[in-house]
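Q: Just need the structure, nothing else, for what follows:
(one chain, ligands or ions: 1)
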Amino acid sequence: MKLRYMFDYAVPAPTLFCDSGAEPDARLQPSMDKIRIRGGRPLRGTLPISGAKNATLPLMAAALLTDETLTLANVPHLADTATMASLLAQHGVSVGIDGATGGGHTGRVMSLKADRIVSTTAPYDLVRKMRASVLVLGPLVAREGQARVSLPGGCSIGTRPVDLHLKGLERLGARVELTNGYIEATAPGGLTGAEVVFPFVSVGATENLMMAACLAKGETTLVNAAREPEIVDLAQCLAAMGAEIEGAGTDRIRIRGRDRLGGAEHTVIPDRIETGTYMMAVAITDGDVELLGARLDLVAAVADALAPAGVTVRQTERGLHVRRTNGRLTGIDVMTEPYPGFPTDLQAQLMALMTTAGGAAMITETIFENRFMHVPELMRMGANINVHQATALVRGVPKLTGAPVMATDLRASVSLVLAGLAAEGETIVNRVYHLDRGYERVEEKLAACGAEMERIRDS
Ligand code: UD1
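A: I've put the predicted structure just below:
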């Protein structure tokens, strides 16, 4: 069967055509582009917020649960969604993309049709690029009775095991073995509903189990489930596909399995991490921006945390209006927590924001070990930060100075962009491919609000 998908990729990769079962396209390899920023300009105007990356990836994986078409609207144009499309294509899913990249905040429309699964193996080459690839595991075992998914392995923000995903699937009756770096899960007679109690909150494990349970026999209850808005978005899409799910958004989710799911149309929620990132970009530059399409309910903890720092965030008809209250920002103490707490994915950006605040800020990371790789780079720009175990003490300095910097993950990279926007002189952010994983047209969006910022293409 000839399958094809297309990405007229605005950022690193050009148009892709991929046959089912083919090796991953070499053009998905990370670009070595850089971003040059001359700091000191306040952001002003409007900035469109894209669809949520972390909602889109599980929604795309959910297409594996049905032989009918799943159509997703407001899909962001990112390296990670391209990687997921590539992975799904080699499982046999036809993926089509429609819609322009530029302009508003309506995103693209993606249609996914998995009428026949041609491979149940998720190869190392794709899984190592993106940990969220493990989200195909639950749907594949549930629909095909088997899956072979490469272990994601270590990553730059800690060891990040997938044991909760595997134990959960075992509870639903799958047999799971680890061989040659691969997870081999089988359930020849199908999965059976059960109670799965998570010892701690995992977003990915909740999503994987929720999808698998949709095709299991009988009822599944997920206890201590993640409550992130992306879980609710996935549950709404699964319900539109015919699943019976109750309690998404609480820590107890009940799913009654069905023999089959059907196609659906679903619109991806706005990206709350992109929203929070740009809220802080506005604050660090003493700007005044309306974030189009953003929703206050998705970033309530962030807005609440930033209020005493001196940042006002107000819901408007079109999105969120963000500006500083007055004068210099004030240092605040923040601890990352599962939703509805302050997100770990905004910890690095908050730290950049606090580098020039008045007084001290204490930032504690409770979700991931080793998520302070941005600290030495921020210090090279003049920040004063002391790390003790999971806590960073940031003492505000009057100004940052530009420098060549690089980071080893997505959110750390964007924190350096934020620092660069506020710094005196020129900052070059290397390894832009991290940004392209999760921020759509970052330099275009910020430049349109007055930032002096450009991409230097790798020749
Ligand atoms: C998702 C998000 C990521 C975010 C994270 C926490 C996506 C695609 N990614 O990642 O951006 O930073 O939630 O909000 O949505 N853990 C285990 N065993 C497991 C699973 C997780 O020990 O089986 C640990 C992790 O190492 C981590 C913690 O649990 O310390 C939370 O991880 P989890 O919520 O699963 O994060 P992801 O779903 O990978």
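
Q: going forward, measure contacts and count neighbours with C-alpha atoms only.
A: Noted.

Q: What residues of the helix or strand where Glu454 lies count as buried?
A: Under the criterion of DSSP states H and E, Glu454 resides in strand 452-456. Residues Glu452, Met453, Glu454, Arg455 are the ones in strand 452-456 that count as buried (16 or more other Cα atoms under 10 Å).

Q: hey, what's the third one bridged with?
A: What it means is Glu454. Listed by DSSP bridges, the beta-bridge partners for Glu454 are Arg36.

Q: name the helices or strands packed onto the strand holding Glu454?
A: Under the contact criterion of 3 or more Cα pairs under 8 Å, 6 or more residues apart in numbering; DSSP states H and E, strand 452-456 touches strand 34-38, helix 442-447.

Q: For this structure, what lies in contact range of the ligand?
A: When proximity is defined as Cα under 6 Å from any ligand atom, the chain approaches the ligand at 54, 132, 160-165, 202-205, 344-345, 367-368.

Q: Could you rerun that using 8 Å?
A: Within the chain, the residues that sit near the ligand (Cα under 8 Å from any ligand atom) are 53-55, 57-58, 131-132, 158-166, 200-206, 226, 228, 230, 337-339, 343-345, 367-369.

Q: Which parts of the stretch 151-300 of the chain are strands?
A: Listed in chain order, the strands found in the stretch 151-300 of the chain under DSSP state E, counting those that start in this stretch are 175-179, 182-186, 195-197, 219-223, 244-246, 252-256, 264-267, 288-292.

Q: Make CSV from the ones you listed and add mean neighbour count and mean pLDDT to it.
A: What follows is the strands of the stretch 151-300 of the chain, written out as CSV (neighbours: other Cα atoms under 10 Å; pLDDT from 0 to 100):
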stretch, mean neighbour count, mean pLDDT
strand 175-179, 14, 95
strand 182-186, 22, 97
strand 195-197, 18, 98
strand 219-223, 22, 98
strand 244-246, 18, 98
strand 252-256, 21, 98
strand 264-267, 18, 98
strand 288-292, 23, 98
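
Q: right, so of those strands, which gets closest to Arg380?
A: Set against Arg380 and scored by Cα to Cα, the strands of the stretch 151-300 of the chain come closest in strand 288-292, at 27.9 Å.

Q: ok, and what's touching that closest one?
A: The contact list for strand 288-292 (Cα atoms under 8 Å, 6 or more residues apart in numbering) reads 42-49, 105, 275, 278, 282, 318-324, 449.

Q: Of the residues you listed, which belong to helices?
A: Thr275, Tyr278, Val282 (DSSP state H).

Q: re earlier: so which residues make contact with the strand holding Glu454?
A: So strand 452-456 is in contact with Asp33, Lys34, Ile35, Arg36, Ile37, Arg38, Gly39, Arg41, Glu443, Glu444, Leu446, Ala447, going by Cα under 8 Å, 6+ apart.

Q: Tell me, please, where in the stretch 51-200 of the chain the pLDDT is lower than the cut-off.
A: Low-confidence segments of the stretch 51-200 of the chain (pLDDT under 70): 99-106, 153-159.

Q: Kindly recompute the last result at 90.
A: For the stretch 51-200 of the chain, the stretches flagged by pLDDT under 90 are 98-107, 128-129, 152-161.

Q: what residue is smack in the middle of this protein?
A: Nearest to the mean C-alpha position of the chain, by Cα atoms, centre = their mean, lies Asn54 at 3.6 Å.

Q: Contacts only, for it.
A: Glu230, Asp271.

Q: is it true that Arg41 touches Gly420?
A: No. Arg41 is beyond contact range of Gly420, at 10.4 Å (criterion: Cα atoms under 8 Å).

Q: now stretch 427-445, how far from the centre of its chain.
A: The chain centre lies 14 Å from the centre of stretch 427-445; the measure is Cα atoms, centre = their mean, to the nearest Å.

Q: Done for today, thanks.
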